[in-house]
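Participant: Have a look at this fold, sequence not included:
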Ligand code: GP9
Ligand code: MN
C-alpha cells in the first residue's frame with residue numbers, strides 16, 4: 001500500500017502529471033468562463049484526455065529535450081486557449097481551426113482587442129513563471145527521469161482510450177450551434193472533429209455549364225417565388241444612368257435612427273435624409289466571420305459569405321461576378337474607399353476579385369485626424385470627394401466608414417452629444433457618441449457632394465455593416481440605458497437589425513418599406529432601381545426588396561447555420577431544428593410553436609449550400625500587383 005502511495009506521489013509530482021493537470025484545469029476554467037452551465041467532471045475528462053495524451057508524447061522524447069518541451073507545450077496550448085477566449089469575445093462564437101488562422105486580423109485591430117483583453121488573461125501564463133522559479137530554486141521535487149514509467153504508460157493509455165471514445169461518440173452527434181458544440185463535445189475534441197470532418201467537404205463545385213439564368217431559376221424554385229419580367233416591376237429603372245454612391249457604416253444599428261437621447265437626436269443628418277429617401281427598417285445583417293469585409297462582399301455580389309472563414313481570405317482569389325463588373329461593362333468607373341491598410345481582411349485580393357477599377361486605401365489618407373483604427377471618416381469623405389470630382393461619370397463609389405469601430409472611443413472634441421451622467425464611462429455612451437460622429441461626418445459629406453454638383457445625379461445608398469452592441473459587452477447599467485432608449489428590453493432582434501436607406505434625389509420622398517430584408521438583397525434592389533436586369537447575368541441569392549412580398553433571411557454565423565428571419569420570427573437551431581429557439585419579431589418574446597416553419601430552415605440551408613457550391617465553381621485568379 002505504502003509503495004502505491006509513494007508511486008502516486010512520485011507520479012503526481014512528475015512534470016508529465018503537473019503540466020497535464022495544470023493545462024486541464026486551464027481548459028476547464030475556460031469552460032467556466034465561456035459556457036453558462038457546464039458539467040465539471042465531463043469537462044475535465046473531455047479536455048483532460050487530449051491534454052494527458054499530448055503531454056504523454058513528450059515522454060517519448062529524449063530526456064534532455066523534455067523540460068523544454070513541457071514548457072513549450074504549456075505555452076502553445078495556453079496561447080490556443082487564450083486565442084479562443086479572445087475570438088469568442090470579439091466574434092461571439094467558438095472558432096474552428098480555419099477561423100483561428102484569422103487571429104492575425106484580430107491583432108491588427110489591437111485597440112478593440114485590448115479593450116476586450118482582461119489583464120487577468122495574463123494569469124493564464126502564471127503557472128509557467130512559478131514552475132520556472134521553483135525549478136530554478138530547486139524547490140520542486142520533479143522526478144521526470146526517475147519516474148515510474150508504468151504509471152505514465154497507464155495514464156497515457158487511459159487518455160488514449162478516453163480520447164478515442166469521445167472522438168468516436170461525438171463524430172455522430174451534429175450540433176449546429178458552435179458554442180453548444182464546443183461545450184458539449186469539449187473544445188479540443190470539437191477542433192479535432194472539425195479537422196477530421198471538414199464541414200464544407202460535402203460541398204462540391206456547381207456544374208460550370210449552368211448559366212446564371214438557370215442558377216437564378218433554381219434559387220427562385222428553392223425560395224418558392226415566381227418570375228416577374230423587369231418591366232413589370234415597380235421602381236424599375238427610376239435611377240437609370242445615375243452615379244451610385246454606397247456608404248457602408250461601421251457597426252451602425254437601426255435603433256439609432258429617429259431616436260433621441262436626452263432630447264437630442266443621435267443621427268440628425270440621417271433622420272433628415274430619411275424624409276427624402278426610401279427606408280427599409282426591417283433589414284438584418286448576414287455577415288460571417290469576415291464582418292466588415294463580408295458586408296462589402298454581399299453588397300457587391302449578393303452571395304452568402306462563407307460560414308467558417310472570412311470570404312475575402314478563403315475565397316477572395318476567385319474572379320467573382322459582381323456589381324462593379326456589371327457596371328464596368330456599362331461604362332461606369334468603379335471605385336472603393338476605405339481608410340485602413342489594403343491588406344486588412346485580404347482586401348488586396350478581394351477588390352480585384354470583385355472587379356473594382358480603383359481602390360483607395362491607406363497610405364492615401366495620411367496620418368492626421370486619427371480616430372480609432374485610422375484616419376477619421378471626415379478624412380475619408382474629403383479625399384473621396386476630391387477624387388470623385390475628377391472621375392469620369394457615371395461612377396460607382398463605395399465608401400466603407402471606420403471611425404465608429406469597436407471600442408467606440410473617439411476624441412473628446414468629436415463627441416457632439418450631451419449625455420446624462422449615467423452614460424459616463426459606459427460603452428453605450430461611447431457607442432452613441434461614435435455613431436453621432438458617423439452621422440455628422442455623413443452630413444458634411446452630403447454637403448460637399450451637393451456643392452460639387454454630385455448629389456442630384458446620383459443614387460446614394462446607406463447601410464450598417466453589422467451590429468455594434470452585443471449583450472456580452474453590456475453590463476447592467478448599459479442594459480438599463482439601452483432599455484430606456486429603446487423603450488423595451490434590448491434583444492437579438494435589435495442587435496442584428498441594420499438600416500438600409502436609398503436616396504434618389506427628386507425620386508424618393510420618404511417612403512418606408514417594412515419588408516423583411518437582408519444584406520444579400522441590397523444588390524438586386526439597387527439593380528432594379530438602376531434598370532439593370534441581373535436575371536440572366538448575375539447569380540444572386542437576394543431579392544429586389546421593392547418587388548418582394550415575402551422573404552426569409554438566412555444567417556449562418558452569429559447565429560448557427562440554419563438560423564433564419566422570416567416575416568414572423570427570428571429562429572436559431574440548437575442541436576437540431578426541434579430544440580431551437582425563436583423570438584416573435586413583433587413582441588420580441590420567445591415563441592415555442594415554430595415547427596410549421598421547418599421549411600424555412602431547410603430552405604436557407606439549401607440556399608447557403610448552393611451559394612457555397614457556386615462560389616467553389618468560380619475560377620481562381622492570380623493577383624500579383626493588386627494596385628490598379
Ligand atoms: C477594418 C475595418 C473593421 O478594415 O473595416 O473591420 P471589422 O472588425 O468591423 O470587421
Ligand atoms: Mn465592421
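Facilitator: Yes, it's here. All values derive from a computational prediction rather than experimental measurement. Ligands and ions are numbered 1, 2, ... in the order given.

Participant: quick one: contacts of the helix or strand containing residue 193?
Facilitator: Per DSSP states H and E: residue 193 is located in helix 187-196. Outside of helix 187-196, the residues within contact range by Cβ atoms under 8 Å, 6 or more residues apart in numbering are 27, 30-31, 46-47, 50-51, 81, 84, 94, 96-98, 163, 166-167, 170-171, 178, 181-182, 185. Backbone N, C-alpha and C define where each C-beta goes, glycine included.

Participant: Show me which of these are buried.
Facilitator: 27, 30-31, 46-47, 50-51, 81, 84, 94, 96, 98, 163, 166-167, 170, 178, 181-182, 185 (16 or more other Cβ atoms under 10 Å).

Participant: Not counting residues beside it along the chain, what's closest to the residue of the chain found nearest ligand 1?
Facilitator: When scored by Cβ to the nearest ligand atom, the chain has residue 291 as its residue closest to ligand 1, at 2.9 Å. Of all residues not flanking residue 291 in the chain, residue 466 sits nearest, at 5.7 Å (Cβ to Cβ, 6 or more residues apart in numbering).

Participant: List the residues that contact that neighbour.
Facilitator: 251, 285, 287, 291, 292, 295, 498.

Participant: other SSEs contacting the strand or helix carrying the fifth one?
Facilitator: Applying DSSP H and E as the criterion places residue 292 in helix 291-301. When contacts are defined as 3 or more Cβ pairs under 8 Å, 6 or more residues apart in numbering; DSSP states H and E, helix 291-301 sits against strand 243-249, helix 311-314, helix 323-329, helix 347-354, strand 395-400, helix 522-530.

Participant: That one vs ligand 2: in contact?
Facilitator: Yes. Using Cβ under 5 Å from the ion, helix 291-301 comes into contact with ligand 2 via 291, 292.

Participant: ok now that helix, how far from the chain's centre?
Facilitator: Here helix 291-301 is found 11 Å from its chain centre; the criterion is Cα atoms, centre = their mean, to the nearest Å.

Participant: what's the angle from that helix to strand 243-249?
Facilitator: Per axes from the mean of the first three to the mean of the last three Cα atoms, to 10 degrees, the angle that helix 291-301 makes with strand 243-249 is 160 degrees.

Participant: contacting residues around helix 291-301?
Facilitator: Helix 291-301 has contacts (Cβ under 8 Å, 6+ apart) with 91, 246, 248, 250, 285-288, 290, 303-305, 310-312, 320-324, 336, 345-347, 350, 354, 398, 400, 463, 465-466, 519-520, 522-523, 540, 542.

Participant: Mind checking which of the contacts of helix 187-196 land in helices?
Facilitator: 27, 30-31, 46-47, 50-51, 81, 84, 97-98, 163, 166-167, 170-171, 178, 181-182, 185 (DSSP state H).

Participant: So the residue nearest to residue 291: helix, strand or coil?
Facilitator: Secondary structure assignment for residue 466 (DSSP: H, G, I helix; E, B strand; the rest coil): coil.

Participant: And residue 539, by the same measure?
Facilitator: Residue 539 is classified as coil under three-state DSSP.

Participant: can you count the residues close to it?
Facilitator: 26 (other Cβ atoms under 10 Å).

Participant: Cross-check the contact I'm expecting between it and residue 303.
Facilitator: Yes. Assessed by Cβ atoms under 8 Å, residue 539 is found in contact with residue 303 at 7.3 Å.

Participant: where are the low-confidence patches of the stretch 501-628 of the chain?
Facilitator: Scanning the stretch 501-628 of the chain for pLDDT under 70 picks out the ranges 624-628.

Participant: The same query, at a cut-off of 50, please.
Facilitator: The model of the stretch 501-628 of the chain has no residue with pLDDT under 50.

Participant: Leaving aside the residues adjacent along the chain, what's closest to residue 203?
Facilitator: Residue 203's closest residue in space is residue 612 (Cβ to Cβ, 6+ apart), at 4.6 Å.

Participant: quick revisit: got the angle between the helix holding residue 292 and strand 395-400?
Facilitator: Going by the same axes, to 10 degrees, helix 291-301 makes 160 degrees with strand 395-400.

Participant: Just want the angle from helix 291-301 to helix 522-530.
Facilitator: 40 degrees.

Participant: angle of helix 291-301 against helix 347-354?
Facilitator: Going by the same axes, to 10 degrees, helix 291-301 makes 10 degrees with helix 347-354.

Participant: For helix 291-301, list every residue counted as buried.
Facilitator: Neighbour counts using 16+ other Cβ under 10 Å place 291, 292, 293, 294, 295, 296, 297, 298, 299, 300, 301 of helix 291-301 among the buried residues.

Participant: hmm, back to that, pLDDT averaged over the helix holding residue 193 - what is it?
Facilitator: In this model, helix 187-196 has a mean pLDDT of 86.

Participant: Quick one: name whatever helix or strand follows it.
Facilitator: helix 212-223.

Participant: quick revisit: ok, which of the helices and strands packed on helix 291-301 comes nearest residue 16?
Facilitator: Ranking the helices and strands packed on helix 291-301 by proximity to residue 16 (Cβ to Cβ) places helix 311-314 first, at 38.0 Å.

Participant: start to end distance for stretch 413-426?
Facilitator: End-to-end distance of stretch 413-426 (Cα to Cα, to the nearest Å): 18 Å.

Participant: Stretch 470-477 too?
Facilitator: With Cα to Cα, one end of stretch 470-477 sits 14 Å from the other.

Participant: go on, stretch 241-254?
Facilitator: Across stretch 241-254, first to last residue, Cα to Cα, it's 29 Å.

Participant: for stretch 555-569, same thing?
Facilitator: 13 Å.

Participant: Does that stretch reach ligand 1?
Facilitator: No. Using Cβ under 6 Å from any ligand atom, stretch 555-569 never reaches ligand 1; the gap is at least 11.9 Å.

Participant: ditto for stretch 75-91
Facilitator: No. Stretch 75-91 does not reach ligand 1 (Cβ under 6 Å from any ligand atom); its nearest approach is 7.9 Å.

Participant: Just the mean pLDDT for that stretch, thanks.
Facilitator: So the average pLDDT for stretch 75-91 ends up being 82.

Participant: Quick one: name the residues of the stretch 451-600 of the chain near ligand 2.
Facilitator: Checking the stretch 451-600 of the chain against ligand 2 by Cβ under 5 Å from the ion, the hits are residue 465.

Participant: What pLDDT is listed against the residue of the stretch 451-600 of the chain found nearest ligand 2?
Facilitator: Per Cβ to the ion, residue 465 is where the stretch 451-600 of the chain lies closest to ligand 2, at 4.4 Å. On the pLDDT scale, residue 465 is placed at 98.

Participant: and what of the one 3 residues further on?
Facilitator: In this model, residue 468 is scored at 94, pLDDT.

Participant: what secondary structure does the closest residue to it other than its chain neighbours sit in?
Facilitator: Nearest non-adjacent residue to residue 468, counting by Cβ to Cβ, 6+ apart: residue 251, 3.2 Å away. Applying three-state DSSP to residue 251 yields a three-state assignment of coil.

Participant: who's in contact with residue 251?
Facilitator: Counting by Cβ under 8 Å, 6+ apart, residue 251 has contacts 404, 405, 406, 408, 431, 434, 435, 464, 465, 466, 467, 468.

Participant: What about the residue in the stretch 301-450 of the chain positioned nearest to ligand 2, how many residues nearby?
Facilitator: Ligand 2 sits closest to residue 405 of the stretch 301-450 of the chain, with a gap of 6.3 Å, by Cβ to the ion. When neighbours are defined as other Cβ under 10 Å, residue 405 has 24 of them.

Participant: Pretty sure it sits in a strand.
Facilitator: No. Residue 405: not assigned to a strand; according to three-state DSSP it is coil.
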